[in-house]
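S.K.: Starting from these lines, generate the structure:
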Amino acid sequence: MITCQRTLEILRNFDAGPLACTADEIEELLAAGLVIEADPDDAATLQWLGPAVYQSIGMDIDNPLAASALQQKLDDATTELKSGWYRFKKSKEVLAAREQDRILLRRVLAVLHDKVAYPRLAAQLQNNRKLPPNSTYRAAPELGDELYAVTKLGLRVRAALEPRVERYADVPLSKFLQTMAKTEAKMQAFAQDVATLDANIGYVKKNRHQVVIGLVKSGAGVQGALDTYRSAFQTTGAPDVAVTLTRNAATFGGPQHAAQRLRAAQQALKKAGFQLTDVVQGAAKTLLAFEPLDAGAYRFTEIHNLLARNRLAQGDLLVKLTARLMPAHGAPDEVVNRALQANQLLGQTQRARTMRDEQVAAAVALASMVREDAALPGLVQRFREIEAALVQSGVSPYPHADNDALECVGCPGTPSEVVDTVRNLTYQVARGREPTRADIAVAVSFAKRFAY
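M.R.: Numbers count the residues shown, from 1 in each chain. Below you'll find the model as predicted:
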């Protein structure tokens, strides 16, 4: 039984030169659909036959109408070449080219009418459709005359194995394929849910994908999330608030009760001395988990003042960073000190184009993810590694790389594995179109659900 390590070695071998593998190994790859084989003569015939048929009639050779369409083309060419008036009007060069067309049509039809060769060529053409564009067949001298090429599935498996081979090296290929197929099925189902939500939330002026992300995170299922969101939106008229109410509806007995609780939280912050700006009202959702709400307001105030005292931020950013630290483990002074340490660590590994506010925001986010200071150095290092991997792979451009890395820093696996998971999920969410920034944002938010 072929292992993942050996599979990857063979698939890499297709990049150049003849293949070196055993008959049993190639049979397993053929059976798994990672590779297809071709008779050299059939492959050579298809190289000229396929283009000739398509250029003549715009069809593939296995189209049921191909033979009759080609016969009509041949009859037309024969009629023209037998016409004295046609031959009188055309130059010698045109007549010679037309005669070559007729010869080629006869040759093509001879193959299509061959009851032995045609079925074999049609079957090979079906196999060839499993190949990516510009594929190259490779010989395997030790196995005979047959030629082999890697399928689209084979390329996907290779891409999935490259970052994971250290963990899966000795695992049978069949087991890895089962795991991969199960994960891709989950991604497809998730992508369908995202598409359904996106198609049914109505107009959203800005950051539409954040509404979708919030509804997925509500855990209410597609229809449940939509029903609750619509009810909340009718009351608030604000998509972001409606998402907050949807995510808290189950806890507080419905969107209306959640709305009452949110208004009370906002008033608790006002009572604590905060002006109810849009940002403060949005941050009030971080008080919902506290009982009484005044306890949450007190914690919010303490964290806010400590961040301000240490000059980490001001204005709206200060409020947003305070909200980010609200659920963090520890007393206000502990979580703020942790944020200061994270900021110092990030400064020691500063990447190009990092603005101060971006670094502080990242530091606060990382500080909120750990329960003790000792975990910070490792987390900061992992964040930077994932950030760099996202940029180098082309998944995330610099302006978004830090936020993307923060979203998926908790995704299991090496940075390369994380990037592969994000990339695959992005394309699933895009559902056949060119991925957008919103697709990537969704993918990084949920990548940890699909790590394997």
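
S.K.: residue furthest from the geometric center of the chain?
M.R.: Largest separation from the mean C-alpha position in the chain: Gly84, at 62.8 Å (Cα atoms, centre = their mean).

S.K.: mind checking how far that residue is from Gln381?
M.R.: 85 Å (Cβ to Cβ, to the nearest Å). Placement of C-beta: from N, CA and C, glycine included.

S.K.: okay, and for the chain, where does confidence drop off?
M.R.: Under the criterion pLDDT under 70, the flagged ranges of the chain are 350-354.

S.K.: Show me where it has its strands.
M.R.: For the chain, the strands defined by DSSP state E occupy 35-38, 138-139, 147-150.

S.K.: can you list contacts of the first one?
M.R.: What that stands for is strand 35-38. Contacts with strand 35-38, where a contact means Cβ atoms under 8 Å, 6 or more residues apart in numbering, come from 26, 29-30, 124, 127-128, 130-131, 137, 146-151, 154.

S.K.: ditto for stretch 227-239
M.R.: So stretch 227-239 is contacted by 201-202, 204-205, 211, 215, 218, 220, 241-243, 245-246, 249, 255-256, 258-259 (Cβ under 8 Å, 6+ apart).

S.K.: Filter those down to the buried ones.
M.R.: 201, 204, 211, 215, 218, 220, 241-243, 245-246, 249, 255, 258-259 (16 or more other Cβ atoms under 10 Å).

S.K.: Specify which member of the contacts of strand 35-38 is nearest to Leu46.
M.R.: Relative to Leu46, the closest of the contacts of strand 35-38 is Gln124; by Cβ to Cβ it sits at 6.2 Å.

S.K.: how deep is that closest one tucked in, by neighbour count?
M.R.: 20 (other Cβ atoms under 10 Å).

S.K.: what about Ile26, how many neighbours?
M.R.: Applying other Cβ under 10 Å, we find 21 residues neighbouring Ile26.

S.K.: whoops, Asp198 was the one
M.R.: Asp198: 17 neighbours (other Cβ under 10 Å).

S.K.: For Asp420, see how far away Ala159 is.
M.R.: Here Ala159 is placed at a distance of 7 Å from Asp420 (Cβ to Cβ).

S.K.: Which neighbours do these two have in common?
M.R.: By Cβ under 8 Å, 6+ apart, no residue touches both Ala159 and Asp420.

S.K.: who touches the residue nearest to Arg6 when sequence neighbours are not counted in this structure?
M.R.: The spatially closest residue to Arg6, leaving aside those adjacent along the chain, is Glu25, at 6.7 Å (Cβ to Cβ, 6 or more residues apart in numbering). Shown in contact with Glu25 (Cβ under 8 Å, 6+ apart): 2, 6, 10.

S.K.: cool, Leu11 as well?
M.R.: 34, 150, 154, 157-158, 161.

S.K.: Inside helices: which ones of the contacts of stretch 227-239?
M.R.: Judged by DSSP state H, those include 211, 215, 241-243, 245-246, 249, 255-256, 258-259 as members of helices.

S.K.: which of these sit farthest apart?
M.R.: Val211 and Gln256 (19.6 Å).

S.K.: The residue nearest to Met187 when sequence neighbours are not counted: neighbour count?
M.R.: Sequence neighbours aside, Gln428 is the residue nearest to Met187 in space, at 4.2 Å (criterion: Cβ to Cβ, 6+ apart). When neighbours are defined as other Cβ under 10 Å, Gln428 has 23 of them.

S.K.: From what I see, Gln428 and Ala189 are in contact.
M.R.: No - Gln428 lies out of contact with Ala189 (Cβ atoms under 8 Å); the separation is 9.4 Å.

S.K.: Roughly how far does the residue nearest to Met187 sit from Leu95?
M.R.: Gln428 is 55 Å from Leu95, by Cβ to Cβ.

S.K.: same question, Phe233
M.R.: For Phe233 relative to Leu95 (Cβ to Cβ), the value is 73 Å.

S.K.: ok, now Ser68?
M.R.: Ser68 is 26 Å from Leu95, where distance means Cβ to Cβ.

S.K.: With Asp76 instead?
M.R.: 15 Å.

S.K.: Repeat that for Ala199.
M.R.: Applying Cβ to Cβ, the value for Ala199 to Leu95 is 59 Å.

S.K.: Next: Lys206.
M.R.: From Lys206 across to Leu95, the span is 66 Å (Cβ to Cβ).
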